[in-house]
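Asker: Sharing a model that was predicted from the sequence below.
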Amino acid sequence: MIDETTRILSDLIAFPTVSADSNLEMIAYLANRLEDCGASVDVLFDASGQKANLFATLGPDADGGIVLSGHSDVVPVTDQDWISDPFTMVERDGRLYGRGTCDMKGFIAATLAIAPQFAGQIGKRPLHFAFTYDEEVGCVGAGHLVQTLRDREIRPRLALIGEPTSMRIIEGHKGCHEYTTRFQGLEGHGSDPSRGVNAVEYAVRYVSRLLDLRLDLQQRTPPDSRFDPPWTTLNIGALNGGSAHNVIASKAQVDWEMRPVQQADADHVKDTMARYCHDVLLPAMRAVYPEASIDTEVVGEVAGLVPTTRNEARDIMAELLGSKSADLVPFGTEAGLFQALGMDVVVCGPGSIAQAHKADEYLAIDQLGQCLSVLDQLAARLAD
């Protein structure tokens, strides 16, 4: 089984499904393999027709099924120094190297390899495969998929999200809210800054206010928070603007994110920044240039995975792995979207998040083997 899984993973790595590009070739590959196993397959296109989710089902058309979920997209390799071609999988020293090996095509390959076994052991509970697009840029595809399931009144009971956790059981994670804030000022000659509205300067003030909020968020840490770090975090991803040393910058852009441990923190940050723009920045900008503006685009506001006392998905995985513990992680996944649909959800998959998004990303073969072992036991449970 490990050899077949490795061959499938090699095929998947060869699809350069960077979020900025189409994933349709990979989705077609996944659809063909699942159809060969007897699954009913839906390919659900986005508005552009260049990307798609896949939702496939083995077994009866019934509520209460199990979802195995993974995202098809990967992060870019631009400006990364890889030893080998990132889109040609290479095996070295018990590791499989390539973009997406651990995040998260290894898990997808394992589900495909064991799909024929699932097909032969399905009982009264259906098994669903959910493979999405654009997870890396805001869980866009999963949001569309969950809405489709809601509209079609498809009600799975459990979901396993196969993100790289080193096969640890993860029952909770923070949300991930991403924003782009754009500043429109007034261009002019750098010799007299007072005659223009320097968008870069106002963007810097905006960033400075965001950084001030970091201390506020630490002071708002819930006393029972199990996260590491236990508070809501803020990160400035990029600040861009201006055109030359001697030109007053008319445009600037700030890309930023927060990872809330509670919704009240997210509301606090958004309300504080909205008031700061309305009461402080915009009046100063418009005193010089009435058409100045500050606009914030919501790139994505992905809910966290909330730990719950009762979680059948967690309990099943604990039994299969022989583990009595479940952890929390600071990084985000699509799990919260599935939880919002009423499912019990757990995150568990092969590979380490420490290897994700880096040059020479890899998946240890023994991790892939452990994943296959768990899926094999899960297949046996489906026959009950």
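Answerer: All right, it came through fine.

Asker: pLDDT averaged over the longest helix seen in the chain - what is it?
Answerer: Counting residues, the longest helix found in the chain (DSSP state H) is helix 199-219. Averaging pLDDT along helix 199-219 gives 97.

Asker: what sits up against it?
Answerer: With C-beta atoms under 8 Å, 6 or more residues apart in numbering as the contact definition, helix 199-219 has outside contacts at 181, 183-185, 231-234, 236, 239, 241-242, 249-254, 256, 265, 268-269, 272-273, 276-277, 281, 284-285, 294. Heads up, the C-betas are built off the backbone N, CA and C, glycines and all.

Asker: Same question for stretch 74-93.
Answerer: With C-beta under 8 Å, 6+ apart as the contact definition, stretch 74-93 has outside contacts at 6, 9-10, 13-20, 96-101, 103, 105, 136, 356-361, 365.

Asker: Just the C-alpha atoms of that stretch, please, in PDB.
Answerer: Only the C-alpha atoms of stretch 74-93 are listed here, as PDB (Å, rounded to 0.1, in the frame of the first residue of the first chain):
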ATOM      1  CA  VAL A  74       0.000  24.800  -2.400                       C
ATOM      2  CA  VAL A  75       2.000  27.900  -1.600                       C
ATOM      3  CA  PRO A  76       4.400  29.400  -4.200                       C
ATOM      4  CA  VAL A  77       8.000  28.300  -4.600                       C
ATOM      5  CA  THR A  78       9.100  31.800  -5.800                       C
ATOM      6  CA  ASP A  79      12.500  32.900  -4.400                       C
ATOM      7  CA  GLN A  80      12.900  29.600  -2.500                       C
ATOM      8  CA  ASP A  81      16.200  27.800  -2.900                       C
ATOM      9  CA  TRP A  82      15.200  24.100  -3.600                       C
ATOM     10  CA  ILE A  83      17.800  21.400  -4.000                       C
ATOM     11  CA  SER A  84      15.600  19.700  -6.600                       C
ATOM     12  CA  ASP A  85      12.600  20.500  -8.700                       C
ATOM     13  CA  PRO A  86       9.800  21.300  -6.300                       C
ATOM     14  CA  PHE A  87       7.200  19.800  -8.600                       C
ATOM     15  CA  THR A  88       9.000  16.500  -9.100                       C
ATOM     16  CA  MET A  89       8.900  14.300  -6.100                       C
ATOM     17  CA  VAL A  90      12.200  12.900  -4.900                       C
ATOM     18  CA  GLU A  91      12.900  10.300  -2.300                       C
ATOM     19  CA  ARG A  92      16.000  10.800   0.000                       C
ATOM     20  CA  ASP A  93      16.800   9.200   3.300                       C
END
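
Asker: So which bits of that stretch are buried?
Answerer: Val74, Val75, Val77, Trp82, Pro86, Phe87, Met89, Val90 (16 or more other C-beta atoms under 10 Å).

Asker: ok, the fifth one to Pro156 distance?
Answerer: When C-beta to C-beta, to the nearest Å is applied, the distance between Pro86 and Pro156 equals 34 Å.

Asker: And the last one, by the same measure?
Answerer: The span separating Val90 from Pro156 equals 36 Å under the rule C-beta to C-beta.

Asker: Would you list the buried entries among the contacts of stretch 74-93?
Answerer: Buried among the contacts of stretch 74-93 (16+ other C-beta under 10 Å): 6, 9-10, 13-19, 96-101, 103, 105, 136, 356-357, 360-361, 365.

Asker: Show me the strands in the stretch 251-384 of the chain, by range?
Answerer: Taking DSSP state E, counting those that start in this stretch, the strands of the stretch 251-384 of the chain run over residues 251-259, 293-302, 327-329, 344-347, 362-364.

Asker: related to what we said a few turns ago, now the longest helix of the chain: buried residues?
Answerer: Ala199, Val200, Glu201, Tyr202, Ala203, Val204, Arg205, Tyr206, Val207, Leu210, Leu213, Leu217.

Asker: Many thanks, I have nothing further to ask.
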